[in-house]
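> Below are the sequence and a predicted model; questions follow.
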Amino acid sequence: APLRRKTTREGDVTDATVTAVHDFGIESEVDGEHGFIQPVEMDWDPERSASANLRVGQVIRVLVLATTPSRFFASPKRACPDLDPWRDPEKFCVGSRHPGTVVSVVEWGYEVKLAAGVSGMMLSAPDVDRFHVGDQGVIEVGSVDPDLRKIEVTSMTPTVEKSERFGKLMSCASSSGGCG
């Protein structure tokens, strides 16, 4: 069979048709050429599961990231750079304050979500139990590297005090016989 001339080229923004939806990625097609979209390339907010909202036959706008003889690799999120939460890095300049929510706790600190697709790390001393997942507050940006998309959070002022949270937990425990 004669080789078919590829129509997708790196850097093209085009419409792709979803041909299969998997947890590990999305298969797509442009003019008979097969493509693949990794989950990390689906949405600027890594917490949203775009694959749960896609269906076979749906047409989506993509940026072609790379091509091989057998397929292309694409990104819907990069086809929409105006939705990139890092498009204005000055928004998160050093000293600026933003609402944040603790999304994970590790032995050396906390990951705090500042906006969809933007989180910062706040370092803490070992054995300090100041915040828990779900705690909200106002953070201060200590450093930012827009190229690496990294923010260091220097402080967080809780919007709900620990005593209030403890009171709510005790109220829940006494009224329902437990919180589980």
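Everything's here; your move.

> Got the confidence number for the residue most central in space within the chain?
Closest to where the C-alpha atoms of the chain average out (CA atoms, centre = their mean) is residue 46, at 2.5 Å. At residue 46, the model reports a pLDDT of 72.

> residue contacts, residue 110?
Residue 110 sits next to 102, 104, 121-122, 124, 131, 153, 156 when contact means CB atoms under 8 Å, 6 or more residues apart in numbering. Every C-beta, even on glycine, is put in place using the N, C-alpha and C of the backbone.

> switch to 7 Å and redo it
Neighbour list for residue 110: 102, 122, 124, 131 [criterion: CB atoms under 7 Å, 6 or more residues apart in numbering].

> which non-adjacent residue is nearest it?
Take residue 110 and drop its neighbours on the chain: the residue closest to it by CB to CB, 6 or more residues apart in numbering is residue 122, 4.7 Å away.

> So which elements touch the host helix or strand of the one you found?
Here residue 122 is covered by strand 118-123, with elements defined by DSSP states H and E. Under the contact definition 3 or more CB pairs under 7 Å, 6 or more residues apart in numbering; DSSP states H and E, strand 118-123 sits against strand 109-115, strand 150-158.

> how about a cut-off of 10 Å?
Judged by 3 or more CB pairs under 10 Å, 6 or more residues apart in numbering; DSSP states H and E, the packing partners of strand 118-123 are strand 97-106, strand 109-115, strand 136-145, strand 150-158.

> Kind regards, and thank you for your time.
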